[in-house]
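Engineer: can you look at this prediction? I've put the sequence above it.
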Amino acid sequence: MPRILIERFTVTADAIDMNGHVNNQEYVRWMQDIATAHSHEQGWPIARYLEEKTTWVIRSHYIEYIRPAFRGDELLVATWVAGMQAQTSPRRYRFLRARDRKTVVEAETLWVYCDATNGRPLDITAEVRAAFPVVADSEEIRAAIGAA
């Protein structure tokens, strides 16, 4: 169960916008995809949330675009849980170019734990908290992703 999940992928033509670089909306999609993958790795696949009748919904995104990424670039994306409040949890993301480990994007999503039947926020259960250790140490993050 990785505290920090890292995935590697190559930017495809359909991710490119009219300016010739990765479209902003692609980062949001990739953030959601890796958050779901990390949840799965931590023992909480979508099926388990369905059984528990709970879900996570997004309250907000913050994205800082540091460098553009282009078609054919190989990117690394890392994610980790940065905190855990009563009903919310911020999750951070870092996108890096694989060839030089330069940061392309840094981002954070504030997730809200909810009752899937009515959409209302719920207190995050002890079981869910135990599955998602908070990573707050910048040295641990830097060591895991090898950022330049």
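Structural biologist: Everything's here; your move.
Engineer: what packs against the longest helix seen in the chain?
Structural biologist: Assignment by DSSP state H gives helix 24-41 as the longest helix of the chain. On a contact count with 3 or more Cβ pairs under 8 Å, 6 or more residues apart in numbering; DSSP states H and E, helix 24-41 meets strand 5-10, strand 54-65, strand 74-81, strand 88-97, strand 103-115. Bear in mind the C-beta positions are built from the backbone N, C-alpha and C, glycine included.
Engineer: flag the shaky bits of this structure, pLDDT-wise.
Structural biologist: Within the chain, the stretches with pLDDT under 70 are 147-148.
Engineer: let's see 80
Structural biologist: For the chain, the stretches with pLDDT under 80 are 1, 146-148.
Engineer: does residue 133 touch residue 3 like I think?
Structural biologist: Yes. Between residue 133 and residue 3 a contact is recorded at 5.3 Å, counting by Cβ atoms under 8 Å.
Engineer: what sits against the closest residue to residue 49 other than its chain neighbours?
Structural biologist: Of all residues beyond its chain neighbours, the one nearest residue 49 is residue 55 (5.5 Å), with distances taken as Cβ to Cβ, 6 or more residues apart in numbering. Taking Cβ atoms under 8 Å, 6 or more residues apart in numbering, we find residue 55 in contact with 49, 113, 114, 116.
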